[in-house]
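Novice: coords please:
(2 chains)
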Amino acid sequence: MGSGNSAASGLDTFPKLLIDNANRIGDRPAAREKDFGIWQSWTWREMKDEIAAMAAGLKVLGFERGDSLAIVGDNRPQLYWAMTAAQTLGGVPVPMYQDAVAEEMQYVLEHASARFAIVEDQEQTDKLLEIKDRCPTLAHIVYKDTRGMRHYDQDFLMSLDSLIEKGKAFLAQNPGWFEGEVAKTKGSDTAIMLYTSGTTGRPKGVVLTFDNLVITARNGVKWDNLNDHDEVLAYLPMAWVGDNIFSYGQSYTAGFCVSCPESSDTVMQDLKEIGPTYFFAPPRIFENILTQVSIRMEDANWVNRKLYAYFMGLAKTIGPRILDKKPVGLIDRLLYGLGEILVYGPLKNELGFSRFRLAYTAGEAIGPDIFDFFRSLGVNIKQLYGSTEASVFICMQKDGDVKPDTVGVPAYDVELKIADNGEVLFRSPGVFKVYFKNEEATHETKTEDGWVHTGDAGFFDPEGHLKIIDRAKDVGKLTGGTMFAPKYIENKLKFFPFIKEAVAFGHDKDYAAAFINIDLEAVGNWAERRGLPYSGYTDLAMRPEVYDLVLDCVNKVNNDLADDVALAGSQIKRFLILHKELDADDGELTRTRKVRRNTVAERYGQLIDALYSGADECAVEAKVTFEDGRTGTIKATVKIREAETTAPRAAA
Amino acid sequence: MAHQRHIGETILSVDNISLAFGGVKALTDVSFSVREHEIFAIIGPNGAGKSSMLNCINGFYHPHQGTITFKGKARRQVRPSEAAREGIARTFQNIALFTGMSTLDNIMTGRNTKMHKGLFWQALHFGPARDEEIEHRHFVEEIIDFLEIEAIRKTPVGTLPYGLQKRVELGRALAAQPDLLLLDEPMAGMNLEEKQDMCRYILDVNDEFGTTIVLIEHDMGVVMDISDRVVVLDYGKKLADGTPDEVRTNQDVIDAYLGVAHGDE
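Specialist: The predicted structure follows:
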């Protein structure tokens, strides 16, 4: 296993790979960008020339080894080139989130002691000018778009065009200089510094070396047989490690072309025009696409609706089997072929998915319905598990061995182990060097012998796939000793469209129990179609019919949990539907809609007691904050239901 | 505003203009001048004659008295198409786009005065007409880039929200590469954010292309912020003109806006 032989081939840095690509596949496209309505492209050879000029320009400006170059903007070829230019000079590119406010940028600029910054446009320049006084090291700002910049006459500002011009002049006098600089780069050098936001405290600067990135990128390329005929669309933030691997590292190692969208608003159109073969998106994006498709199909005419319903039903059973190269009967194959012509093909084309060879999703749990939808269309969507500290890949799914609820098996060269508290630890060639200027955090995260704490709790299923269940610190134990992972159970509940929010309890209790919030729109719709009258959320939530509906969902979750060796004991025994929606205004959710467990536990202590008391109802009063700021109380009697539990089906 | 532009010589001068519809006097003896590269606002209460003034400038109405001098050429009667060819473009109070056509095609129509090849060649889309169209298309794309409307390039404008339609209309006016741009209430009916965007674009147009802009606007905050000079009309007569500060402190203007009784002095 593994292919970490970059040192052997000598191509152990991105600048070296650039020259190699320019020599080997110099006429193949390397980058594309839609500008003035037309896709402009650059071959590897042209790209090498641009990067050489940029590097020389930076050199003329006084860029020295070890300097860092902040990069701020949307995905633009020139900004990717600036990364390679800085790397060639022995410097460290620091891409930053382009939508960060000036204050957030100030921290990173200061912490990274950036001397140089390259920004996309006037908007980003203005942000840097606002904080420049507080960033004493920042000496030069280079901007790409000249629009609106006419009256900026500060002498530390320079347009990218004039930088490149200076660089070209320098190159003309110093032939061979660029190649000389490239030869100086080493695999053990720092390649990039990426700041991770994290949920607590200041962002941390993750230092990754060429060896980290090049070897990890190569392993990923080998895993999925990527080659120079693949295509990607770079639309996720450049500051994110995923983009650095998918749109930079793997492009350099596999030689494929990276296209940049015209603007952040045109991504879906650009996707359709480019037709990438390799794609990454967080679950949220796949979910949005499915929702849009469903809405548009509801508005379609009768024939199309029927066709869609029939063929999607068919695809559900056959599509994933064909994708996994499992045996499929001739008639089914023919019907699926017909569906491809009538429904799947046109739909995929509309979405820009026609040429997808593979698509990855990661970051959070993806609903099985969403996952299955794309797989039945013949879209090879897979899951992976990664982190900045790993240069992305920790676990990945193999073609033909794909499941909706795991993150796959360890990637090439990755060692994995589960600590006693359930935390996942890994060791790989991609393991980061240090957190920049933060020794304490480095020691907390990385052990002496190179194991990294992920902070995630997980376990292996019988086929050796890793399942991530929760943040390690949130995982508890039932009194019987069974592991209890609240978020895992809550996610499973929330995959049902009728359930909007769920809060699971069970740590130090005899069994697991849950609060449920119904989705007013979905359940309301369901009630209307059944002629069930209701006056509002509280009324609807208290209906026995609605309880039956939710009971059904809970039973299915329990049935699902019965398959998990580690979690079969944490099935939900009792649940209730809350009489009000959990709300950020009441402090029960964060602004990003994450449940505040402590607040909920304090406020609804009565209800939690009732869940564990055997009572079948409980009277409550809850304070609510109305949108105009006034407060009031809701009084209700909340019923509690028992759910069916399923005997564990422990796989041997 | 902190932009340091070079304000040039007078580009448009309006001298003693009077216009009447039957017995209604829309404009009475109005004079003012607009200098090259400046942003000039016409303000006044409803019915003060602001739109009539714009219509006179671009030749849609013919004043009964007075002359309008544009780029040194005095004229009494001019047709809108001639005004357009001379370099005057405008947007309308009620959006006047081709709702069934895409953003791109709408802006392309703004290039009409710049197309020289005959209908025959254009219809064939061949030879010189084809090269010409490619050139125009490139120019239109620059405007699309400038106004950041790439995402709606192919969208029929009828389906766009109001604020975006206004932006497309501005794009079409810009396509004519005007020396003088007349904007009739470019921010009417917009929310705060859309207004701020539109202000930004107006300032950028003025800054990037050096276009002279005459605009009518009701939002006093906007007018005072972005205009170099202002003329105030009331009942078809000029009340005052000058810099925003001068106008703000003018007693006649204050009276007009606070609604002091007229005609019984």
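
Novice: Just after the worst-scoring helix or strand of chain A on mean pLDDT, pick out the following helix or strand.
Specialist: Least confident helix or strand of chain A, by mean pLDDT, DSSP states H and E, is helix A:6-9 with a mean of 52. Per DSSP states H and E, the first helix or strand lying C-terminal to helix A:6-9 is helix A:14-24.

Novice: Mind listing residues that contact that following helix?
Specialist: Residues from elsewhere that reach helix A:14-24 (CB atoms under 8 Å, 6 or more residues apart in numbering or on different chains): A:10-11, A:30, A:44-45, A:47-48, A:51, A:83-84, A:87-88, A:179, A:181-183, A:185, A:191, A:210, A:213-214, A:248-249, A:252-253, A:255. Every C-beta, even on glycine, is put in place using the N, C-alpha and C of the backbone.

Novice: if you set the cut-off to 6 Å instead, what comes out?
Specialist: A:11, A:44-45, A:48, A:84, A:87-88, A:182, A:185, A:252, A:255 (CB atoms under 6 Å, 6 or more residues apart in numbering or on different chains).

Novice: same check, this time on stretch A:434-445
Specialist: Contacts for stretch A:434-445 (CB under 6 Å, 6+ apart): A:193, A:204-205, A:207, A:452-453.

Novice: quick one: the residue of chain A positioned farthest from its centre and chain B, what's the gap?
Specialist: Here chain A reaches farthest from its C-alpha mean at A:Gln173, the gap being 45.5 Å by CA atoms, centre = their mean. Using CB to the nearest CB, to the nearest Å, we find A:Gln173 at a distance of 35 Å from chain B.

Novice: So the nearest residue to A:Gly91 once chain neighbours are set aside versus chain B, what's the distance?
Specialist: For A:Gly91, ignoring the flanking residues on the chain, the nearest one in space by CB to CB, 6 or more residues apart in numbering or on different chains is A:Asp67 at 4.6 Å. A:Asp67 sits 32 Å away from chain B, going by CB to the nearest CB.

Novice: does A:Asp67 really touch A:Val92, like I thought?
Specialist: No. Applying CB atoms under 6 Å, one finds A:Asp67 not in contact with A:Val92, separated by 7.4 Å.

Novice: ok, those two, which is more surrounded?
Specialist: Per other CB atoms under 10 Å in any protein chain shown, whichever of A:Asp67 and A:Val92 has more neighbours is A:Val92, with 26 against 20.

Novice: which residues does that one contact?
Specialist: A:68, A:190, A:193.

Novice: I'd like to know how many residues surround the residue in the stretch 1-150 of chain A that chain B sits nearest to.
Specialist: With CB to the nearest CB, the shortest gap between the stretch 1-150 of chain A and chain B falls at A:Phe36, namely 3.8 Å. Using other CB under 10 Å, the number of residues around A:Phe36 comes to 16.

Novice: likewise the one 5 residues further on?
Specialist: As a burial measure, A:Ser41 scores 16 neighbours (other CB under 10 Å).

Novice: so where's chain A uncertain?
Specialist: A:1-9, A:197-201, A:591-592, A:627, A:650-652 (pLDDT under 70).

Novice: So which bits of it are right by chain B?
Specialist: A:36-37, A:262-263, A:265-266 (CB under 6 Å from any CB of the partner chain).

Novice: at 7 Å instead, please
Specialist: A:36-37, A:147-148, A:150-151, A:262-263, A:265-266 (CB under 7 Å from any CB of the partner chain).

Novice: Spatially, which two of these are the most separated?
Specialist: Using CB to CB, those span at most 29.3 Å, a distance reached by A:His151 and A:Thr266.

Novice: which of the two has more neighbours?
Specialist: A:Thr266 (17 against 10).

Novice: I'd say that one and B:Arg153 touch.
Specialist: No. In this structure, A:Thr266 is not within contact of B:Arg153 by CB atoms under 7 Å, at 8.3 Å.

Novice: What's the first helix or strand after the helix or strand bottoming out on mean pLDDT in chain B?
Specialist: Of all the helices and strands that make up chain B, helix B:119-124 has the lowest average by mean pLDDT, DSSP H and E, namely a mean of 68. For helix B:119-124, the succeeding helix or strand toward the C-terminus, using DSSP H and E, is helix B:128-146.

Novice: List the contacts of that following helix.
Specialist: A:36-37, B:104, B:107-108, B:111, B:114-115, B:117, B:121-122, B:150, B:153, B:171, B:174-175 (CB atoms under 7 Å, 6 or more residues apart in numbering or on different chains).

Novice: Compare those residues and tell me which is most surrounded.
Specialist: B:Ile107 (30 neighbours).

Novice: quick one: that residue and B:Leu54, what's the gap?
Specialist: 21 Å (CB to CB, to the nearest Å).

Novice: try A:Phe515
Specialist: 63 Å.

Novice: Who are the contact partners of A:Trp41?
Specialist: Let me fix one detail, which is that residue A:41 is Ser and not Trp. Counted by CB under 7 Å, 6+ apart, A:Ser41 has contacts A:29, A:31-32.

Novice: Could you list which of those residues belong to strands?
Specialist: The members of those that map onto strands under DSSP state E are A:29, A:31-32.

Novice: which of those has the most neighbours?
Specialist: Counting by other CB under 10 Å, top hit in those: A:Ala31 with 24 neighbours.
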